[in-house]
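Visitor: how would this look folded up:
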Amino acid sequence: MPKPKIATDWLAGCSGCHMSLLDIDERLAAIAQVADIRATPITDLKQPDESGVDVGLLEGAVNNSSNEEVARRMRARCRVLVALGDCAVFGGVPALRNFFTLDAALRRAYVETESTEPGSQVPSDPELSAPTHVRALQEVVPVDVFVPGCPPDPDVIYYVLTELAAGRTPQLDGPRLHWH
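Guide: Residues are numbered from 1 along each chain as shown. So this is what the prediction gives:
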């Protein structure tokens, strides 16, 4: 039986969830014995291959059209999609932006701060993805497993990966489900 393929990617956020993945330390070698790690911060591959993967971990909130495209592509390529971290699960810190109009937030950041020069404007570049209302991952695509935390506990990530690699559904309740 072939090893299940695992891939990760991230959207808007801080990449702290991927740091927690790396905090699994030598247990990553144990995961590599039972799964084929395709695209993560520890490989050179930036995207899962077109043939798809069995388990995809996606961290971060969806806050622009590019994030939405990544989320949809990852969902299409993955048999099981895991929302990794508070940003993916419920919008987390990026969703705080939703309490302000986008125009007001951009003006504050680019025009009204002490560090901007007189006459500064909000940047406008057609190459940049258009910012949108920040959304949790499941508001854009169906999610199979939710792993909360900011960042999630490395032991919980390890548990989820080993369960999914073994073809089991992880049970995230009781002592495994807590925030730091």
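Visitor: Contacts only, for the residue nearest the centre of the chain.
Guide: Note on the chain: the residue nearest the mean C-alpha position is residue 59, at 1.1 Å, using Cα atoms, centre = their mean. Residue 59 is in contact with 8, 9, 10, 11, 13, 15, 17, 18, 84, 85, 87, 88, counting by Cβ atoms under 8 Å, 6 or more residues apart in numbering. The C-beta positions use only the backbone N, C-alpha and C, and glycine is treated the same way.
Visitor: Can you get me a residue count around the last one?
Guide: A count of nearby residues for residue 88, using other Cβ atoms under 10 Å, gives 31.
Visitor: Next, give phi and psi for the residue nearest to the centre of the chain.
Guide: Backbone torsions of residue 59, given as degrees, to the nearest 10, read phi -110, psi 150.
Visitor: Which two of the contacts of residue 59 have the greatest separation?
Guide: Using Cβ to Cβ, the contacts of residue 59 span at most 13.9 Å, a distance reached by 8 and 87.
Visitor: which residue ranges form the strands in the chain?
Guide: Assigned by DSSP state E, the chain shows strands spanning 5-10, 36-39, 53-59, 62-64, 78-84, 131-135, 145-147.
Visitor: So for the fourth one, mean pLDDT?
Guide: The one in question is strand 62-64. Strand 62-64 shows a mean pLDDT of 89.
Visitor: Just checking: what are the partner strands of it?
Guide: Listed by DSSP bridges, the sheet partners of strand 62-64 and their directions read strand 131-135 (antiparallel).
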